[in-house]
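Student: task: produce atomic coordinates for the following.
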Amino acid sequence: MARLHQREGENIDYTPGSAVAVGAMVAIGTGMVGIADRPIAANELGSLGVEGVFYVDKATGAGTNFAGGTKLYLNTSTGKVTSSATDGGSPAVAYPPVGIVLVQPATTDAEVLVKLSR
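Tutor: Below is the predicted model:
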């Protein structure tokens, strides 16, 4: 049985082990990513956006002009989104899902507009 409704769920509470900058993407396990809407000090309660539309950091160069509708993942090594679901290693390390591209960026753009999803 479900418990009583707690809140809408657009943001979740988050207490980081180290400081988180405003706009930073934070992996929440391997299943989702949240985005800090304000700076969060280390070991202090803060909030991460887990629903909505955000500009997120991406690499530039060949292969980074993701088509609209492309599912993107957080490369936890670079802190930027990628269209690859894993690091390609053996064994492969899965990247957490970020969301879906809304507007195709140019290869020279450092950001892409994404609708967060899991």
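
Student: so which residues of this protein form strands?
Tutor: 11-14, 25-28, 32-36, 46-49, 53-57, 71-75, 80-82, 97-103, 111-116 (DSSP state E).

Student: what residues of the second one count as buried?
Tutor: By 16 or more other C-beta atoms under 10 Å, the buried positions in strand 25-28 come out as Met25, Val26, Ala27. (Each C-beta comes from the backbone N, C-alpha and C, glycine too.)

Student: tell me the mean pLDDT over that strand?
Tutor: For strand 25-28, mean pLDDT rounds to 95.

Student: and if you look at the longest one?
Tutor: Averaged across strand 97-103, pLDDT comes to 97.

Student: relative to it, what are the paired strands and their orientations?
Tutor: strand 71-75 (antiparallel), strand 111-116 (antiparallel) (DSSP bridges).

Student: returning to what we had before: quick check, nearest of the buried residues of strand 25-28 to Ala41?
Tutor: Val26 (14.0 Å; C-beta to C-beta).

Student: check contacts around the closest one.
Tutor: Tyr14, Pro16, Val20, Val33, Gly34, Ile35, Ala36, Leu48 (C-beta atoms under 8 Å, 6 or more residues apart in numbering).

Student: now Asp57
Tutor: Asp57 touches Met25, Gly79, Lys80, Val81, Ala110, Glu111, counting by C-beta under 8 Å, 6+ apart.
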